[in-house]
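Novice: Here's my sequence, what's the structure:
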Amino acid sequence: MRINTGLPSDFRSLYRLFLRTNSAVVLHHSPSKTQVRRLWRPVFNWAAFNIYKLQTNDIHSSERENIVQWLYTWHKRMDHTLSLLATAAVSRGLAHKITRNLKWLRQNHVSWVEEMYYAHKGSWKPQLPRRSEKYLPYSLPTPGSRPDQILRKNRKIRLFDEQCSNAIGEVVKMAEGRHGIILGRLRLKRWKHEWSS
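Specialist: Just a heads-up that it's a prediction; the model follows:
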């Protein structure tokens, strides 16, 4: 049973302040604002989820204490993150380079996911019959053939790219832990073409 269905006003005002600060960091450039907003949105979604959980009566006291402690840490990290963004908005130093690189990182991640995972997906063509060969899955090439070698090479390249992406993610997590900030989250969701700018 929920006590309150809305988020607290201080949380909403923090999110609005965060959006205004992000807008100032990227000099109110609309595509960049979108990229940066999508980078930090999962962080706020998770915090809102924990606030909603805290508002319910049916959680145990130990879980409630864990959520309160998590929210306390989250608020401290968001304060540090807001100060980083405010510094990036007024100067073109290290803080500005960090936020610019985060925006590029997210933008490149989106295009990489689209190219590596969704480029081979075809689209539905209404003029074709339901059981057209166009909709049938591809057969695997025979082992040792040239198409099989190309497929194996592409898999190795994809694995290398994923490992590099994981390494960059680890570096971002270490920077977050050392400085007590939140640098956003990359979230994969169901494919929907996103126009990157």
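
Novice: Check which helices and strands the least confident helix or strand in the chain by mean pLDDT sits against.
Specialist: Ranked by mean pLDDT, DSSP states H and E, the weakest helix or strand in the chain is helix 94-117, scoring a mean of 84. For helix 94-117, the packing partners by 3 or more CB pairs under 8 Å, 6 or more residues apart in numbering; DSSP states H and E come out as helix 30-55, helix 61-90, helix 146-179. To be clear about C-beta, it is placed using only N, CA and C from the backbone, and glycine gets the same treatment.

Novice: how about the nearest residue to W70, chain neighbours excluded?
Specialist: N50 (6.2 Å; CB to CB, 6 or more residues apart in numbering).

Novice: Settle this for me: the one you found is touching V68, isn't it.
Specialist: No: in this structure N50 lies outside contact range of V68 using CB atoms under 8 Å: 9.2 Å.

Novice: higher neighbour count, the two?
Specialist: Taking neighbours as other CB atoms under 10 Å, N50 and V68 compare with N50 leading, 16 against 12.

Novice: Enumerate every residue touching that one.
Specialist: N50 sits next to 67, 70-71, 74 when contact means CB atoms under 8 Å, 6 or more residues apart in numbering.

Novice: try A48
Specialist: By CB under 8 Å, 6+ apart, A48 lies in contact with 7, 11.

Novice: Roughly how far does it sit from S123?
Specialist: As judged by CB to CB, to the nearest Å, A48 and S123 stand 34 Å apart.

Novice: for E133, same thing?
Specialist: E133 sits 16 Å away from S123, going by CB to CB.

Novice: Show me where this protein dips below the pLDDT cut-off.
Specialist: In the predicted model, the chain carries pLDDT under 70 at residues 1-5, 118-122, 188-197.

Novice: Swap in 50 and give it another go.
Specialist: Confidence mapping of the chain against pLDDT under 50 gives the ranges 1-3, 196-197.

Novice: Is S139 in a helix, a strand, or coil?
Specialist: Following DSSP: H, G, I helix; E, B strand; the rest coil, the label given to S139 is coil.

Novice: Burial check on it, number of neighbours?
Specialist: For S139, the tally of surrounding residues (other CB under 10 Å) stands at 6.

Novice: circling back: any idea which of the helices and strands packed on helix 94-117 is most buried?
Specialist: Mean neighbour count (mean count of other CB atoms under 10 Å) peaks for helix 30-55 among the helices and strands packed on helix 94-117, with a mean of 17.
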